[in-house]
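Asks: Predicted structure and sequence below. I'll ask about it afterward.
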Amino acid sequence: YEHAKFLAERDSLQRRTIWSDCIKPELLHYESFEDFDSDVLVTSWIQGESLAALLMRSGELTLDERLECCHRLVTAVSFATQEYQHRDLHPGNVIMRGPESVRMGPRVEIRETRPGVTLVDWGEAFPLF
């Protein structure tokens, strides 16, 4: 089962989509060691804060900051679910990147939108087509 999850994550990260660069980490290396019954999957480091950590300190955020987080999260999940069912989406698997990675707003074309949110742990992901 664990080997299948590694393969599913590898496949979903290898498959490039229009939104890959803004919602998925980059797959750097995958290797399977059958002699050791082990797999290695290496992705790019995502600088940011997990949604779980952000929720723990949400009392410090203004209403506008909370709404911005919700908007960014909904946008990222909307992008992801156009081609995949992530199926393991929870606050620990969501990284909220810094404001420099966000490009959203009424004057930003949809294809230029970048919510600054990365969804990690694609081991349960299932392609929709």
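Replies: Yep, that arrived.
Asks: where along the protein do the strands fall?
Replies: 27-33, 38-43, 49-50, 84-85, 94-96, 117-119, 126-127 (DSSP state E).
Asks: And the ones you listed: which comes nearest residue 17?
Replies: strand 84-85 (8.2 Å; C-beta to C-beta). Using the backbone N, CA and C atoms, a C-beta is placed for each residue, glycine as well.
Asks: Can you name the residues in contact with that closest one?
Replies: 12, 122, 125-128 (C-beta atoms under 8 Å, 6 or more residues apart in numbering).
Asks: Extract the CA atoms of the top helix by length along the chain and return them as CSV.
Replies: With secondary structure taken from DSSP state H, the chain has its longest helix at helix 63-80. C-alpha atoms of helix 63-80 as CSV (Å, rounded to 0.1, in the frame of the first residue of the first chain):
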residue,chain,number,x,y,z
LEU,A,63,-10.5,39.9,9.5
ASP,A,64,-9.0,41.0,6.2
GLU,A,65,-6.0,38.7,6.7
ARG,A,66,-8.3,35.8,7.5
LEU,A,67,-10.4,36.4,4.4
GLU,A,68,-7.3,36.7,2.2
CYS,A,69,-6.1,33.2,3.5
CYS,A,70,-9.5,31.8,2.7
HIS,A,71,-9.5,33.3,-0.8
ARG,A,72,-6.0,31.9,-1.5
LEU,A,73,-6.9,28.5,-0.2
VAL,A,74,-10.1,28.2,-2.1
THR,A,75,-8.3,29.3,-5.3
ALA,A,76,-5.6,26.7,-4.9
VAL,A,77,-8.0,23.9,-4.2
SER,A,78,-10.1,25.0,-7.1
PHE,A,79,-7.1,24.8,-9.4
ALA,A,80,-6.1,21.4,-8.0
